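Peer 1: Dropping the sequence and predicted coords here.
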Amino acid sequence: MRHLLLDLDAPLMSFGGDLVDAYGVVRDFPAKSMLAGLLANALGWERHDADAHAALQARIVMGSARVGEGQRQREFQTAQLGANDRGWTTRGRVEGRAGGAETYRSPHIRYRDMDADARVLIAFRLNPAEVAPDLDTLAAALVRPERPLFIGRKPFVPSRPLCCGITEAETIPAALVAGLAMLDAPPPRRDTLRAQWPVGEAPDAALVSGAQEEELTDERHWPSGVHAGLRRVMQGRLHWPEATA
Amino acid sequence: MTPETTETKMLPKFIQIHFLAAWPGALLNRDDAGLAKRLPFGTATRTRISSQCLKRHWRMADDRHALHELARRHGVEGVRTKRAIEREVTGPLRDRSFTKEAVDAVELAFLTKFYGKNAKDPQQRQALLFGRPELAWMREQAERILSENPDAAAAKSAAEVWIKEEKANLNQLRDQNVLAASLEAALFGRMVTSDTRANRDAAIHVAHAFTVHPEQAELDYFTVVDDLSRRDQGDDAGAAGVFDTELTSGLYYGYVVVDVPLLVSNLTGCVRGDWAGDHDRALAAQVVEHLVHLVAEVSPGAKKGSTAPYSRAELVLVEAGDRQPRTLANAFRDAVALDDRDTNHSLGHRTAGKLAGYLGQMDRMYETGEARRHAAIDDLALGKDIPNGSIRELATWAGGLVRDAAI
């Protein structure tokens, strides 16, 4: 099976988790919705093309590995909101802000987590593979995207081409291992890397160890714009293969 | 993949702006503890300026390259953008089965709503810049009215009734699209509502700027002296307060990428895929020109009164192309040493050298072939392969790429 590899490298990146109040937390591995959004962005789809986004997300089978762990940072932000901020809508009604006068007395405080100096490798395939857009279309779109790409949030622009290549592999962990050998300027090698892959793939102990099942809500329900459902994945350690001389 | 190295084949879909600027002894952007924002990166922790902070200062700038200054000038000169309703809302409906009279009636109703009594003469219209979301929605509504009311008189009254019913929403739509607000929204985005069809995405992506070298921080101790205290009348020595604050010095690398199709779409209302078609790109070109100046000349920062952080960039590199935009941040992943006893070259010189070297390696590896120009002081110049001129020449070149783009 053909897998497309993405090399996510940037001074700052974020894989959004469940936002609670003013705290925007991140996860260790990219969400399926993020990958779908990233690819849709490269293809130039509009944000409101919900059906196309949903169909692409449903076809993605993915995993990822933290090639560079980096350091988690908490960004402090303030935003000045106005009680009179308003916007027209295609629904024919003006939308504004709620809340009493006290709400606007001081700036809105937000905390946004992010990973500094991390590097993450993604491997994914499409199921079914033959439907449009296929892997080759996506690879080409990443090289010459319709829009600038970003990793999590708009300021987090990549510092190298994201598209790392296509590889043949039986499973996601095998594709990730193959991807490690394809990295440009790879970081100092470690024996194992933290990784995430779909349940049911790679029981092979030569590839992975310490696998534990996790449940995630990382698929977006595109028509309503919220995340929903439950996806089961494995998290564990991926073995960096011995170099073959 | 065939390498594309000639400038003629290059499509300026993305304009990437890189800068090096030094701000000594300043507190440009701080966290909730009052300390400078930081970034652990590669071999050292750096001082950082968030994208939000940079964008705010570019947005609020009040100089000759300010966006509101551009709006003021364009409000007088720009005419084609005042014809957006004829071109983009009712124009496309004229090829359909509707009668000319019915389309005319609906067009006049829309024009009168948005331009008031001066609607008939485009020259006299107030400068409104409708973006793609606004025009697409208005066209949908005009089409619906015409489909339901084929007769000209019926279409006229249906349009008037609809405009009356939607009064608040349409007023809001108009108010959001006065020129200065539109220019800001075209570049920096506008996300007020939950309606993804009505919001406007920002046409620029701004990376957090960070120092190319390890952080250099100093705790500045200061006292406040009470000038009115009189020791002869029993007052104390006169210190009314004792404080400290963190100041940092740094040579920062910053990166901005302009999504040119989106900028043109935001300013003309065209479909983004059609950005290089027959649309008036003069304003988009001017916005890019102004942005190059703003990036080079506007300082971010708090404590302006006590630190005067008014440095300008010493190197600005602009690239144009259609390959995936990327920062050159990794050129500084190994932090640049603050001094170098072997060569005695300045920090700026060695930093520019690292940037040029890294760019050369990326070119060899990916053969991306972006067109490039830069403006730099002598010490930071990037070498003969990349034309070097003034900031004004650089900005004009970048604007020209947008104006003259053709697919």
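Peer 2: Received, thanks.
Peer 1: Check which element follows the lowest-mean-pLDDT helix or strand in chain B along the chain.
Peer 2: Every helix and strand in chain B was compared by mean pLDDT, DSSP states H and E; the lowest is helix B:67-77, with a mean of 82. Downstream of helix B:67-77, the first helix or strand assigned by DSSP states H and E is helix B:84.
Peer 1: Does chain A have contacts with that following helix?
Peer 2: No. Figure legend: helix B:84 not in contact with chain A (Cβ under 8 Å from any Cβ of the partner chain); closest approach 15.5 Å. Every C-beta, even on glycine, is put in place using the N, C-alpha and C of the backbone.
Peer 1: picking that back up, can I get the least confident helix or strand of chain B as PDB, trimmed to CA atoms?
Peer 2: Coordinates of each C-alpha in helix B:67-77 appear next as PDB, following Å, rounded to 0.1, in the frame of the first residue of the first chain:
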ATOM      1  CA  LEU B  67      -3.000  51.200   5.400                       C
ATOM      2  CA  HIS B  68      -5.400  54.000   6.300                       C
ATOM      3  CA  GLU B  69      -3.200  56.300   4.300                       C
ATOM      4  CA  LEU B  70      -3.500  54.000   1.300                       C
ATOM      5  CA  ALA B  71      -7.300  53.900   1.900                       C
ATOM      6  CA  ARG B  72      -7.400  57.700   1.900                       C
ATOM      7  CA  ARG B  73      -5.500  58.000  -1.400                       C
ATOM      8  CA  HIS B  74      -7.300  55.100  -3.100                       C
ATOM      9  CA  GLY B  75     -10.700  56.500  -2.000                       C
ATOM     10  CA  VAL B  76     -10.100  59.300  -4.500                       C
ATOM     11  CA  GLU B  77      -8.400  57.400  -7.200                       C
END
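Peer 1: Just list what that helix packs against, helices and strands only.
Peer 2: helix B:179-188, helix B:282-297 (3 or more Cβ pairs under 8 Å, 6 or more residues apart in numbering or on different chains; DSSP states H and E).
Peer 1: what's the closest of those helices to chain A?
Peer 2: Closest to chain A of these, according to Cβ to the nearest Cβ: helix B:179-188, at 10.5 Å.
Peer 1: Next one: the residue most central in space within chain A relative to residue B:112, how far apart?
Peer 2: Centroid-nearest residue in chain A: residue A:30, 3.2 Å away (criterion: Cα atoms, centre = their mean). Distance, residue A:30 to residue B:112, using Cβ to Cβ, to the nearest Å: 50 Å.
Peer 1: Equivalent analysis for residue B:291, please.
Peer 2: From residue B:291 to residue B:112 the distance is 35 Å (Cβ to Cβ).
Peer 1: quick one: which of these two has more around it?
Peer 2: residue B:291 (24 against 16; other Cβ atoms under 10 Å in any protein chain shown).
Peer 1: Stretch B:12-25 close to chain A?
Peer 2: Yes. Applying Cβ under 8 Å from any Cβ, one finds stretch B:12-25 in contact with chain A at residue B:14.
Peer 1: any idea of the mean pLDDT for that stretch?
Peer 2: The pLDDT scores in stretch B:12-25 average 97.
Peer 1: cool, and stretch A:184-195?
Peer 2: Per-residue scores along stretch A:184-195 average to 90.
Peer 1: Okay, buried residues for that stretch please.
Peer 2: A:193, A:194, A:195 (16 or more other Cβ atoms under 10 Å in any protein chain shown).
Peer 1: residues near the nearest residue to residue B:281 once chain neighbours are set aside, how many?
Peer 2: The shortest distance from residue B:281 to any non-neighbouring residue, by Cβ to Cβ, 6 or more residues apart in numbering or on different chains, is to residue B:403 (5.3 Å). Using other Cβ under 10 Å, residue B:403 has 18 other residues around it.
Peer 1: Retrieve the pLDDT associated with residue B:403.
Peer 2: Residue B:403 carries a pLDDT value of 94.
Peer 1: Many thanks, we can stop here.
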